[in-house]
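Visitor: Curious how this folds, go ahead:
(one chain, ligands or ions: 1)
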Amino acid sequence: MRILFVTSEIAGLYKLGGLGDVSFSLPVALSRLGVQVSLVMPYYEKITLAPVKCIGQLAADFDRRREIVFVFRTTLPRTRIPVYLFRHPLFNKYHAAASVDNFAFFSKCVAEFYLYSGEKLGGPYDIVHCQDWHTALIPLLIGEECKVGKQIRETLESTRVRTVFTIHNHLYQGETGVMTVLRLGLPLSLFHVYETPRGRAIKLMREALEYADILTTVSPTYARELITAEHGDEINLVMKRRQEVVAGILNGIDQNSWNPRSDRAISANYDLAGVRAGKAKNKKSLRQALKLPASAGPLFGFIGRLESQQKGVDLITKSLEPLVSSNFQLVILGRGSPGIVKKLQDSIKPYPHVVFVNTFDERLARRIYAAADVILVPSKFEPCGLIQLIAMRYGALPLVRKTGGLADTVVNRRTGFVFKRYRAGELVEKMREAITLYHENPRLWQQMVGAAMRQDFSWDRSAQAYLDLYRKLVGAKKTEIG
Ligand code: ADP
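Guide: Residues are numbered from 1 along each chain as shown. The predicted structure is shown next:
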């Protein structure tokens, strides 16, 4: 079984969030199961690696010009799994303004790469597995000539291409004007075009949902939410229409990398038996580093992207005033747009027990997981969420909203705290409950910490589920494309 795994980020090379973690750990777990996986991602300027070998080039037309893309080969950190990095000026930076066009072009390059990848390039591949909107045009682009009914390339006929598309987050769909289609040199008739006040547009993710053989998402509950959304957009409609090819497979975490016993970033290593003392030491050192006074109250943490539609940062800021007389401290680590950062800085000013660190810093994130008693994940929606899984591994109880993967992984009063509706009042109530429990029932608290740390969120089970899916797909009688 040979899989080409295409992604826009990989932990260890370039990571913005959970997608980077998944794109590292899932291929590693798959290769442990005997699958031959190769990865492809753009070669951003920020990726600083040595040694990286240029192994060739490929040509693809974009905006009526023949573009040359250099292909470099490296390996996933600490493994022998090949990663192909595509270098082109359009892939230097990953910035919002131009990125939809750039990723459309990236997808075209991957389709080219796929078509001509023989043994030397890890191929021929049985399946191309695409992640999120950045790679969403690949199922359409591979075999595009079959789809427009022109001549069918030998390679396509013989390889019988199959594609899997995974939704890691439906909020970002890669919306762009129809100019992108023209730049790709494709007929508009292949796309699902719709009108907007700014003109005709397409969404790259929509095309993947239409053209990929199998659709997966990163938790069973999120898959259900996408299929049953009552006031859904066309993404939900397509998911509903194609629900027989939809699978929800929970993400895991890399248990080696996220391990309080061996984590080099934290002040004191610990395991389940030594969690109390270990946490106390980590807490002391984090408090010192962040200039928080010693306290008998629980330490809460929040780690995540600061944005306004998903992560529930607004609920947290609204909860500070009602909780002003409660004995706790809160550390927030996150990066976001200047507007959101400023708003957060202003709203925590009156509260000296709240510290906000505005950066992306994996070492600090690890220190927070190790020190915290509670990690807040009050998301409006959450496809899977890794933060609550990492938190449990480090003996920090996740306090989450019941949605998506959070609902699938945290059990109220057993491994964490769960509230239902997206209301600041409900978050406040749960935080109060956690603070009271911490002070008044340390026995139950430690039981919960133990239960959380014993949870198994390793990738093995999920990787097996992906492998079963791949096998089914490769074994399935291929229906004609188009
Ligand atoms: P997302 O929606 O961002 O993918 P996940 O919960 O799936 O959310 O994954 C977030 C990942 O990114 C976790 O590994 C978390 O530790 C990390 N992370 C998020 N924000 C930061 C930050 N500011 N500094 C360091 N790590 C961060």
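Visitor: Okay, now the unreliable bits of the stretch 51-200 of the chain?
Guide: 96-98, 145-160 (pLDDT under 70).
Visitor: Residue of it nearest the ligand, please.
Guide: Of all residues in the stretch 51-200 of the chain, Asn169 sits closest to the ligand, at 6.1 Å by Cβ to the nearest ligand atom. Where C-beta positions appear, they are placed from N, C-alpha and C, glycine not excepted.
Visitor: ok, now the chain?
Guide: For the chain, Cβ to the nearest ligand atom, closest residue to the ligand: Gly18, 2.2 Å.
Visitor: Is that residue in contact with Asn251, as I believe?
Guide: Yes: assessed by Cβ atoms under 8 Å, Gly18 is found in contact with Asn251 at 7.1 Å.
Visitor: domains in this structure, as residue ranges please.
Guide: For the chain, automatic domain parsing gives the domain ranges 2-252+460-481, 275-456.
Visitor: Measure how far the shortest one is from the centre of its chain, please.
Guide: What separates the centre of domain 275-456 from the centre of its chain is 19 Å, taken as Cα atoms, centre = their mean, to the nearest Å.
Visitor: same question, the longest one
Guide: With Cα atoms, centre = their mean as the basis, the distance from the averaged C-alpha position of domain 2-252+460-481 to the chain average is 14 Å.
Visitor: Going forward, count from 479.
Guide: In the new numbering, first residue 479, that becomes domain 480-730+938-959.
Visitor: Return the residues of the stretch 629-778 of the chain in contact with the ligand.
Guide: Residues of the stretch 629-778 of the chain found near the ligand (Cβ under 6 Å from any ligand atom): none.
Visitor: Next: the stretch 829-960 of the chain.
Guide: 838-840, 843, 863-865.
Visitor: which of those residues has the most neighbours?
Guide: The most crowded member of those, judged by other Cβ atoms under 10 Å, is Gly863 (29 neighbours).
Visitor: name the element that one belongs to?
Guide: Following DSSP states H and E, there is no helix or strand that holds Gly863.
Visitor: Please name the residues that touch the nearest residue to it once chain neighbours are set aside.
Guide: In space, and not counting its chain neighbours, Gly863 is closest to Gly883: 4.8 Å by Cβ to Cβ, 6 or more residues apart in numbering. Neighbour list for Gly883: 696-697, 699-700, 728-729, 860-863, 866 [criterion: Cβ atoms under 8 Å, 6 or more residues apart in numbering].
Visitor: is it true that His648 touches Met683?
Guide: Yes: using Cβ under 8 Å, His648 and Met683 qualify as a contacting pair, with a distance of 7.2 Å.
Visitor: joint contacts of these two?
Guide: Ile713.
Visitor: Looking at the two, which is more packed in?
Guide: Set side by side, His648 and Met683 show more neighbours around Met683, with 26 against 22, by other Cβ under 10 Å.
Visitor: Alright, that wraps it up for me.
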